[in-house]
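Participant: Any chance you could fold what I've pasted below:
(one chain, ligands or ions: 2)
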Amino acid sequence: MGAPELADVSSGVLLIVDGDRGVVISLPSNETLQEYRSRAREDKKLRRKSRVSTAAPVTEDGVRISLGANINFSEEVAAAIASGCESVGLYRTEFDFFREGKQPDEESLVGDYSLVLKSAKGAPVTFRTIDVGIDQKSWDGVNMNLGVRGLRFCLENTDLFKKQLRSLYRASINGPTRILLPFVSTIDDLEAAHEIIAEVRSDLDFRHQRYDPKVPVGVMIETPAAAQTCDLMASRVDFFCLGTNDLIQYYLVIDRSDQSVAHLYSPFHPAILRCLHQVYSLLQPTGKPVTVCGEMAADPPSAAVLLGLGFTSLSVSLVAYPRIKRMIRSVSFGQLRQLAGQILKMQKPKDAEEIVRRTVYRS
Ligand code: PEP
Ligand code: MG
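Facilitator: Numbers count the residues shown, from 1 in each chain. Ligands and ions are numbered 1, 2, ... in the order given. Down below sits the predicted model:
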């Protein structure tokens, strides 16, 4: 519900405010109300089980999970670090970039990114290069989600891309920096991006500008094409981030911004579980690190499935950070590994979700 619609709500009307998803549901159906009540009860249960917010994200059986924060605006970084986040696993740069309504120049970008790195106080920051297209409605009959977004957009707007890359490299002397390329679907695109990165670096060398030459470059696995070929990309990248928000939308053919199909959007769908299992199996022999940074990592039951599938690095929004840490500290990694084996054989998302919820929220 948007702000003007909210102003139309008369007093006494029942509303559900879902701060996690950023939605307000007016006059919810009985079923929706029950679902939210049961979620609130489950959350409370988890809170009772583990109150240690400063403790490390280690499972009951001693497996250390890396837990980073997803950040959209530079101002959030200091708060994230102050509340104990060990890294910024995903910094979505497009929000700051387009904030003023016009393109920032290189000097102001270097200033912004340097400030982010200084605020991170030595914690690594993964800057994702501009991903336009997300959550944008189609225009002129063109669906942005299937069009020129992410890396495709950057490869068509190379001046903008080079400016952002130059700024990131220049800022990199202020702290551990990683560069992440979104919406990659072909190795040709990845090669083209590397060529531009090499050009940017030799330009900086020529201008005698300092930068960290060891900045790792990674790709998002968020298209079915990347999920199927991540092992083929591995020799060309230093790390991967698994973007389940887009991966689920493309895999299940569900527009993530279309409320009329939102009920079909499930991380427990067997196609998604199999896809994630496959990605894990393809990447494991490559030794390349992978962090899951989609919303699937931000809800305790689906995050537990990720652990069960073998993923030991997650990055979540600041809102979700405490509850995911609590979940990690209250589960057994070994038990979740077994559970994942079980749910990989299940036919229906609801059945898989039910069995995981019972494990995560056991009394
Ligand atoms: C994703 O697709 O899972 C992701 C983290 O990227 P975004 O939500 O910004 O598209
Ligand atoms: Mg995405």
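Participant: Pro270 contacts Glu353, correct?
Facilitator: No: in this structure, Pro270 is not within contact of Glu353 by C-beta atoms under 8 Å, at 11.6 Å. Where C-beta positions appear, they are placed from N, C-alpha and C, glycine not excepted.
Participant: Nearest residue to the middle of the protein?
Facilitator: Nearest to the geometric centre of the chain sits Cys293, at 2.6 Å (C-alpha atoms, centre = their mean).
Participant: ok, now which ones touch that residue?
Facilitator: Applying C-beta atoms under 8 Å, 6 or more residues apart in numbering to Cys293 gives the contacts Gly68, Asn70, Gly89, Leu90, Cys241, Leu242, Gly243, Leu314, Ser315, Val316.
Participant: And it, how far from ligand 2?
Facilitator: Counting by C-beta to the ion, to the nearest Å, the gap from Cys293 to ligand 2 is 9 Å.
Participant: Helix or strand with the lowest mean pLDDT in the protein?
Facilitator: Lowest on mean pLDDT, DSSP states H and E among the helices and strands of the chain sits helix 3-7, with a mean of 56.
Participant: Now do the buried residues in the strand or helix carrying Gln164.
Facilitator: Under the criterion of DSSP states H and E, Gln164 resides in helix 158-171. For helix 158-171, a neighbour-count test (16 or more other C-beta atoms under 10 Å) marks Leu160, Phe161, Lys162, Lys163, Gln164, Leu165, Arg166, Ser167, Leu168, Tyr169, Arg170, Ala171 as buried.
Participant: is ligand 1 contacted by stretch 281-295?
Facilitator: Yes: applying C-beta under 6 Å from any ligand atom, one finds stretch 281-295 touching ligand 1 at Cys293, Gly294.
Participant: What of stretch 183-199?
Facilitator: No: counting by C-beta under 6 Å from any ligand atom, ligand 1 has no neighbours in stretch 183-199; the shortest distance is 8.1 Å.
Participant: now that stretch: how far from the chain's centre is it?
Facilitator: 21 Å (C-alpha atoms, centre = their mean, to the nearest Å).
Participant: Could you export it as PDB, CA atoms only?
Facilitator: Provided in PDB are the C-alpha atoms of stretch 183-199 (Å, rounded to 0.1, in the frame of the first residue of the first chain):
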ATOM      1  CA  PHE A 183      22.600  -9.900 -13.800                       C
ATOM      2  CA  VAL A 184      25.300 -11.800 -15.600                       C
ATOM      3  CA  SER A 185      24.000 -14.400 -18.100                       C
ATOM      4  CA  THR A 186      26.800 -15.000 -20.600                       C
ATOM      5  CA  ILE A 187      30.500 -15.500 -20.400                       C
ATOM      6  CA  ASP A 188      30.800 -13.000 -23.300                       C
ATOM      7  CA  ASP A 189      29.300 -10.300 -21.000                       C
ATOM      8  CA  LEU A 190      31.700 -11.300 -18.300                       C
ATOM      9  CA  GLU A 191      34.700 -11.100 -20.600                       C
ATOM     10  CA  ALA A 192      33.500  -7.700 -21.900                       C
ATOM     11  CA  ALA A 193      33.300  -6.500 -18.200                       C
ATOM     12  CA  HIS A 194      36.800  -7.700 -17.500                       C
ATOM     13  CA  GLU A 195      38.100  -5.900 -20.600                       C
ATOM     14  CA  ILE A 196      36.600  -2.700 -19.300                       C
ATOM     15  CA  ILE A 197      38.000  -3.300 -15.800                       C
ATOM     16  CA  ALA A 198      41.500  -3.800 -17.300                       C
ATOM     17  CA  GLU A 199      41.100  -0.600 -19.300                       C
END
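Participant: So for that stretch, what gets flagged as buried?
Facilitator: Phe183, Val184, Ser185, Asp189, Leu190, Ala193, Ile196, Ile197.
Participant: Considering the residues you listed, which is situated nearest to ligand 2?
Facilitator: Phe183 (6.8 Å; C-beta to the ion).
Participant: can you tell me the helix or strand for that closest one?
Facilitator: Going by DSSP H and E, Phe183 is not in any helix or strand.
Participant: Would you report the backbone torsion angles of the closest residue to it other than its chain neighbours?
Facilitator: Distance criterion C-beta to C-beta, 6 or more residues apart in numbering; nearest residue to Phe183, sequence neighbours excluded, is Gly150 at 2.4 Å. For Gly150, the backbone dihedrals (degrees, to the nearest 10) come out as phi 50, psi -130.
Participant: List the contacts of Phe98.
Facilitator: Counting by C-beta under 8 Å, 6+ apart, Phe98 touches Val132.
Participant: State the pLDDT value of Trp139.
Facilitator: According to the prediction, Trp139 has pLDDT 51.
Participant: Return the mean pLDDT over stretch 179-196, rounded to an integer.
Facilitator: Taken as a whole, stretch 179-196 has a mean pLDDT of 97.
Participant: Endpoint to endpoint, that stretch covers what distance?
Facilitator: 13 Å (C-alpha to C-alpha, to the nearest Å).
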